[in-house]
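Student: heads up, no residue letters with this:
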């Protein structure tokens, strides 16, 4: 049973460019959350997707957007990249069936984004 | 708003030493509390959790007790190993469902000397 997977592993972009990160949730999970982890910091909640809609959002600008597909996989898009967007982007999955009433989230290995 | 404060690192100990990493929280309602661990080059792994006051979470020799009166969730281990070297994050969720977002502390880096 595959856990949460993310692609790509590493990415290098320049300021002003756009980037798309991808996440496949753990089998059976229907909820995907995205977090940004700056170097030396704890992860910060970006947003969460459920039933192909954004269910809740953290304190991030509109440059950060997402999407969830019918198979529950998800994308995180960041437009007009800034140097400060350099971070590890983590995807977490949860919910679905008997796990809908548990608050445990399972994290993927992350995508390391570097903005030059 | 809700927040988590944990002791700053890095923490360096010798193998077989006793470990305590302090964590306190601020929250309305009844949050669930967690410790996550991040090994070098890897994503976050759930280490243990507690969902109500006086619950004790435990895993791999680590323990933490949910103390509502002191709003704390300190992580302890009686005898650390070199393989425990990692970054540890205290965290809480603001609800009890898969819809809950996680609020993390800033992390404590732990290094164990052989």
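Tutor: Now that the structure is in, tell me what you want to look at. For clarity, every value in this text was computed on a predicted model and none was experimentally measured.
Student: helix or strand for the spatially most central residue of chain B, which one?
Tutor: By C-alpha atoms, centre = their mean, chain B has its centre lying nearest to residue B:35, at 3.0 Å. Secondary structure assignment for residue B:35, by DSSP states H and E: strand B:32-38.
Student: Give the other helices and strands that the helix or strand following that strand contacts.
Tutor: Following strand B:32-38 in sequence order, the next helix or strand is strand B:44-50 (DSSP H and E). Counting contacts by 3 or more C-beta pairs under 8 Å, 6 or more residues apart in numbering or on different chains; DSSP states H and E, strand B:44-50 packs against strand A:106-107, strand B:32-38, strand B:56-59, strand B:62-65. Any C-beta I mention is one placed from the backbone N, CA and C, and that applies to glycine too.
Student: Next one, pLDDT for the residue nearest to the residue nearest to the centre of chain B when sequence neighbours are not counted please.
Tutor: Nearest residue to residue B:35 in three dimensions, chain neighbours excluded: residue B:47, at 4.4 Å (C-beta to C-beta, 6 or more residues apart in numbering or on different chains). Residue B:47 is assigned 95 on the pLDDT scale.
Student: Check residue A:106 too.
Tutor: 89.
Student: Please report how far it lies from residue B:54.
Tutor: Going from residue A:106 to residue B:54 by C-beta to C-beta, to the nearest Å gives 26 Å.
Student: and the two? which has more neighbours close in?
Tutor: Legend: neighbour count by other C-beta atoms under 10 Å in any protein chain shown for residue A:106 and residue B:54, higher for residue A:106 (18 against 10).
Student: shouldn't that one be in contact with residue A:92?
Tutor: Yes - counting by C-beta atoms under 8 Å, residue A:106 does reach residue A:92; the two are 6.3 Å apart.
Student: Give me the buried stretch members for the strand holding residue B:35, please.
Tutor: B:32, B:33, B:34, B:35, B:36, B:37, B:38 (16 or more other C-beta atoms under 10 Å in any protein chain shown).
Student: again with stretch B:78-85
Tutor: Buried-residue list, stretch B:78-85, by 16+ other C-beta under 10 Å: B:80, B:84, B:85.
Student: where's the first one relative to chain A, distance?
Tutor: It refers to residue B:80. When distance is defined by C-beta to the nearest C-beta, to the nearest Å, residue B:80 is 22 Å away from chain A.
Student: For that residue, which residues are in contact?
Tutor: Applying C-beta atoms under 8 Å, 6 or more residues apart in numbering or on different chains, we find residue B:80 in contact with B:13, B:15, B:16, B:17, B:18, B:19, B:110, B:112.
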